[in-house]
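Engineer: coords below, sequence missing:
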């Protein structure tokens, strides 16, 4: 163990004795990012940041492929992995808060090449998803006005999102706070309706109970027999993983959270509530209310409410008014996601510029302390949404968005790799675990297990490309993200001749 006179130990004691991090953090160009989020903003963003169409619409794909029990078990499995990822990130962020996002932790604890790849991987994922969400908003509005060009609705949301992100982070936090509250309210209504439906309180007065759990617990997918049922469960795992993606964005929010050593632990503990009572409870109730073999579910496709398994359950029960209501609610989900996409992109570019992995111009801040150059640069990617006005371009755009989905899973891998580097550093430098503000359970073993399982999911996420007939398009969209990240890491290491950071040399004092 270190002696009390040791400089590292002395400086660390001074570090943890501070009750607050400064409200403004100097950037290399003299600007300041402001810690203007309020505690309630961070708490609500932690609870509802990743709730979107992945649960409301995407869960239907998993249900019809795997069955009621398969989707339930898949969400428990994936939720457990997410818990390790978020808690690992929270431990790093509460111990040494920084403005660079989790890619900064990769640079600090592992290798600058890993940080470079992680940062650009994260940016590109959300830059392209921004355009997807803008398109989705237009498609939702077409539910009522299919006589108008989708480009009109894309343009309106486009302008609103840019304007929202140009203003103070306090404004962004307040807006997202109420949008998140609305999302939670909508989910509560949907869940209550599902309970009413399965209990026989709908207009058709049919009591369902656990019938679908008994009749269709595990469905075969792609092939017959036990292998097909396993592939059905695996399809649910893949779909649930992509449904959970975005939860790690709280790591970006932490960079502008007030008094992070208190705020981060308090907010991070809410994650287990979101996983258990929003996602897992949500798919449990879904499995009660609608059959995975429902003809409407089997034929479902698109982005509007007609594709939602919850809406299909409501329609099948004879309730007429709620589909339009839920479609309006989907617009809230999508607008919130688009707003968050641009926020993440601008802060990620700022963090990359701080690490020297992006041009320094992205360090420039406006009078509200917002990295507006990064915001405008990221907004350019939103123009990809206009490709969807033509059928041929829309097909190409579909391949692009499918490709970046895997980037979200790789983000989780980077977080866990960074945590391993962090853990090795605090052990090597004898930092007392009792002095760390937030501690993840059973570390580092839980991280190793989660890293192994997420890596397996990443490697085999494109399994369906090899079954029956080789599908080269599906193969490319499933694995090009892995290749791209390997190229980014190797290219940066060769160009800058970086080396892995030694645990004994990590600076545990300065962000």
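Structural biologist: That came in fine, so what should we check first? Every value quoted in this text rests on a predicted model; they were computed, and no experiment measured them.

Engineer: what number of residues lie near the residue nearest to residue 492 when sequence neighbours are not counted?
Structural biologist: In space, residue 492 comes closest to residue 113 once its chain neighbours are excluded; the distance is 4.1 Å by CB to CB, 6 or more residues apart in numbering. In short, each C-beta sits where N, CA and C put it, glycine included. Neighbourhood size, residue 113 [other CB atoms under 10 Å]: 24.

Engineer: doesn't residue 368 make contact with residue 167?
Structural biologist: Yes. Taking CB atoms under 8 Å as the definition, residue 167 is a contact partner of residue 368 at 5.8 Å.

Engineer: which helices and strands sit right next to the helix ranked longest in the chain?
Structural biologist: When the chain is parsed with DSSP state H, its longest helix is helix 391-428. Counting by 3 or more CB pairs under 8 Å, 6 or more residues apart in numbering; DSSP states H and E, the packing neighbours recorded for helix 391-428 are helix 68-95, helix 101-109, helix 112-141, helix 225-244, helix 445-459, helix 472-496.

Engineer: mind listing what's buried in it?
Structural biologist: For helix 391-428, the buried set under the neighbour-count rule, 16 or more other CB atoms under 10 Å, comprises 397-398, 401-426.

Engineer: do the same with stretch 482-490
Structural biologist: For stretch 482-490, a neighbour-count test (16+ other CB under 10 Å) marks 482, 484, 485, 488, 489 as buried.

Engineer: Next: stretch 148-157.
Structural biologist: Neighbour-count burial for stretch 148-157 flags 150, 153, 154, 157 (criterion: 16+ other CB under 10 Å).

Engineer: Nearest residue to the first one in space, ignoring adjacent ones along the chain?
Structural biologist: Excluding its sequence neighbours, the residue lying closest to residue 150 (CB to CB, 6+ apart) is residue 138, at 3.9 Å.

Engineer: Hmm, the one you found is touching residue 148, no?
Structural biologist: No. Using CB under 8 Å, residue 138 is not in contact with residue 148, being 9.4 Å away.

Engineer: want to throw the buried residues of stretch 482-490 into TSV with distance to residue 463?
Structural biologist: Shown next, in TSV, are the buried residues of stretch 482-490 (distance: CB to CB, whole Å):
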residue	distance to residue 463
482	14
484	20
485	20
488	25
489	25
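
Engineer: Of these, which is the nearest to residue 210?
Structural biologist: The closest of the buried residues of stretch 482-490 to residue 210 turns out to be residue 482 (CB to CB; 40.1 Å).

Engineer: Give me the pLDDT value at residue 323.
Structural biologist: Per-residue pLDDT puts residue 323 at 69.

Engineer: Tell me where the stretch 251-400 of the chain has helices.
Structural biologist: Assigned by DSSP state H, counting those that start in this stretch, the stretch 251-400 of the chain shows helices spanning 260-268, 271-274, 281-289, 295-298, 309-316, 322-354, 372-381, 391-428.

Engineer: Now do the fifth one: distance to the chain's middle.
Structural biologist: Same thing as helix 309-316. 26 Å (CA atoms, centre = their mean, to the nearest Å).

Engineer: what's the angle from it to helix 281-289?
Structural biologist: Interaxial angle, helix 309-316 versus helix 281-289 (axes from the mean of the first three to the mean of the last three CA atoms, to 10 degrees): 30 degrees.

Engineer: ok, back up a step: worst mean pLDDT among the helices of the stretch 251-400 of the chain?
Structural biologist: The minimum mean pLDDT among these belongs to helix 260-268 (a mean of 74).

Engineer: tilt between that helix and helix 68-95?
Structural biologist: Put simply, helix 260-268 runs at 170 degrees to helix 68-95, going by the same axes, to 10 degrees.

Engineer: Now for residue 360, how many residues are close by?
Structural biologist: The tally of other residues near residue 360 (other CB under 10 Å) stands at 13.

Engineer: distance of it from residue 354?
Structural biologist: 9 Å (CB to CB, to the nearest Å).

Engineer: What of residue 190?
Structural biologist: 41 Å.

Engineer: for residue 189, same thing?
Structural biologist: For residue 189, the distance to residue 354 - CB to CB - is 43 Å.

Engineer: Could you do residue 279 as well?
Structural biologist: Distance of residue 279 to residue 354, computed by CB to CB: 33 Å.

Engineer: Same check on residue 231?
Structural biologist: Distance of residue 231 to residue 354, given as CB to CB: 44 Å.

Engineer: Comparing the two, which residue is more hemmed in?
Structural biologist: Neighbours were tallied for residue 231 and for residue 354 using other CB under 10 Å; the higher tally belongs to residue 354 (25 against 21).

Engineer: Could you find the closest non-adjacent residue to that one?
Structural biologist: Excluding its sequence neighbours, the residue lying closest to residue 354 (CB to CB, 6+ apart) is residue 100, at 5.5 Å.

Engineer: The one you found touches residue 353, doesn't it?
Structural biologist: No. Counting by CB under 8 Å, residue 100 stays clear of residue 353, with 9.3 Å between them.

Engineer: Can you check what angle separates the longest helix of the chain from helix 68-95?
Structural biologist: 50 degrees.

Engineer: Endpoints of stretch 138-147, how far apart?
Structural biologist: 12 Å (CA to CA, to the nearest Å).

Engineer: for the record, mean pLDDT for it?
Structural biologist: Per-residue scores along stretch 138-147 average to 76.

Engineer: One more: stretch 478-498?
Structural biologist: Per-residue pLDDT over stretch 478-498 has a mean of 92.

Engineer: now stretch 460-471, how far from the chain's geometric center?
Structural biologist: 25 Å.

Engineer: list the buried ones in stretch 427-436?
Structural biologist: So, applying 16+ other CB under 10 Å, buried residues of stretch 427-436: 429, 431, 436.
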